[in-house]
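S.K.: Need the 3D shape of this:
(one chain, ligands or ions: 1)
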Amino acid sequence: MNDLIQQSKEIILSKLNGETPKMAITLGSGLGDLAKSLTDVTVIQYTDLPGFPKPSVEGHSGEMHIGKLNDVSVICLKGRVHLYEGLDKIPNLKVMIRTLKAVGVEILALTNAAGSFRVENPVGTPVMITDHINFQGTNPLIGLNDDEWGPRFPGMDEAWDMDLQNAMRQSAKEADVRIGEGTYLAVMGPTFETPAEINMMKLMGADLVGMSTVAENIIANHCGLRVVGVSAVTNLAAGMSDIELSHDQTLDGAEEAKPKMEALFKQFVKNV
Ligand code: HPA
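M.R.: A predicted model of the protein is given here:
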């Protein structure tokens with residue numbers, strides 16, 4: 001795996017003109033258009049990066065966009081893999097995130113589409129992830145530990161970096177975007193939840209549910225990246241509204257959040 005990381009690193013470095021962006025942003029379902037706000041863009045297909053994942057879900061292409069957001073250099077990851085696509089994709093996820101670290105990225109910003117448990121955070125609301133519950137029934141670090149990247153037993157008490165959370169709050173104020181805050185619970189999917197499952201998750205202390213993000217957070221924390229995250233609420237969770245949940249509905253909901261997510265991140269890249 002480290003050979004693949006080395007090869008991908010060299011390809012990316014050859015496109016960077018000597019300036020490594022401090023931050024990479026993973027664009028969740030329906031949020032890929034943030035990459036359109038970049039200027040001076042270079043696009044690399046994941047298929048040209050050895051070991052990178054090949055996403056199979058509509059709304060997730062598979063491209064790295066390197067460019068400037070609001071004059072700040074960033075890497076946007078357009079397209080991610082989810083564990084429901086197959087647990088055999090986890091090694092590719094590791095290659096992707098560890099390559100960012102190897103290139104010199106320091107901060108990973110994760111965005112996603114999520115169901116909300118709180119009526120005060122309705123469709124279209126960006127909600128900052130303050131903590132998470134890994135309810136995926138697996139962990140991407142299972143197996144032999146590669147000590148080169150991080151410890152066997154990584155601590156997770158600040159899985160979501162406090163300073164970056166403060167910067168995100170400040171950015172929301174400056175961009176005049178109302179953001180909620182909450183605990184994100186990751187399920188394996190691909191089914192949406194039953195109302196009974198949502199009731200259980202509320203009792204567990206979750207505010208948001210989705211099928212992504214936590215595996216990336218774990219791999220990133222393990223290798224020493226600082227992580228921040230924002231969910232775009234695309235629906236109230238199962239049983240909380242009459243709207244039938246579907247992937248199309250997720251993409252429609254993301255559309256409502258898009259301008260707010262964009263304003264938020266344009267400010268955030270300036271503030272960190
Ligand atoms: N559940 C799980 N994943 C999701 C949801 C949801 O309600 N909305 C968007 N992604």
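S.K.: Quick check: nearest residue in space to Lys22, chain neighbours excluded?
M.R.: Using Cβ to Cβ, 6 or more residues apart in numbering and skipping the chain neighbours, the partner closest in space to Lys22 is Glu106 (5.1 Å). Every residue, glycine included, has its C-beta placed from N, CA and C.
S.K.: what's the first-to-last distance across stretch 114-129?
M.R.: 11 Å (Cα to Cα, to the nearest Å).
S.K.: same deal with stretch 187-194?
M.R.: Start-to-end span of stretch 187-194 (Cα to Cα) is 12 Å.
S.K.: Need the contact partners of the lengthiest helix in the chain.
M.R.: Ranked by number of residues, the top helix in the chain under DSSP state H is helix 247-271. Identification of contacts with helix 247-271 by Cβ atoms under 8 Å, 6 or more residues apart in numbering yields 23, 25, 28-31, 33-34, 37, 57-59, 69-70, 72, 74, 109, 111, 113, 123-126, 167-168, 170-172, 174-177, 179, 228, 230, 232-235, 243.
S.K.: which among these end up buried?
M.R.: Burial by neighbour count, judged by 16 or more other Cβ atoms under 10 Å, picks out 23, 25, 28-31, 34, 37, 57, 59, 69, 72, 74, 109, 111, 113, 123-126, 167-168, 171-172, 175, 177, 179, 228, 230, 232-235 from the contacts of helix 247-271.
S.K.: Show me what from the protein comes close to the ligand.
M.R.: Along the chain, the residues adjacent to the ligand under the rule Cβ under 6 Å from any ligand atom are 113-115, 192-193, 209-211, 234-235, 237, 245, 250.
S.K.: Return the subset of the contacts of helix 247-271 lying in helices.
M.R.: Among the contacts of helix 247-271, the ones falling in helices (DSSP H) are 167-168, 170-172, 174-175.
S.K.: Adding pLDDT, write those out as a markdown table.
M.R.: Conversion of these to a markdown table gives the following (pLDDT from 0 to 100):
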| residue | pLDDT |
| --- | --- |
| Ala167 | 98 |
| Met168 | 98 |
| Gln170 | 98 |
| Ser171 | 98 |
| Ala172 | 98 |
| Glu174 | 98 |
| Ala175 | 97 |
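S.K.: give the contact list for the residue nearest to Lys22.
M.R.: Contacts for Glu106 (Cβ under 8 Å, 6+ apart) come out as 22-23, 225-226.
S.K.: Kindly report the same for Gly67.
M.R.: Gly67 makes contact with 35, 38-42, 73-74, 76, according to Cβ under 8 Å, 6+ apart.
S.K.: By neighbour count, which of those wins?
M.R.: Ranked by neighbour count (other Cβ atoms under 10 Å), the contacts of Gly67 have Cys76 at the top, with 29 neighbours.
S.K.: Give the rounded mean pLDDT of the helix or strand hosting it.
M.R.: For Cys76, the host element (DSSP states H and E) is strand 72-78. The average pLDDT within strand 72-78 is 95.
S.K.: So which elements touch it?
M.R.: The helices and strands touching strand 72-78, judged by 3 or more Cβ pairs under 8 Å, 6 or more residues apart in numbering; DSSP states H and E, are strand 23-27, strand 63-69, helix 247-271.
S.K.: buried ones in the last one?
M.R.: Think helix 247-271. By 16+ other Cβ under 10 Å, the buried positions in helix 247-271 come out as 247, 249-251, 253-258, 260-269.
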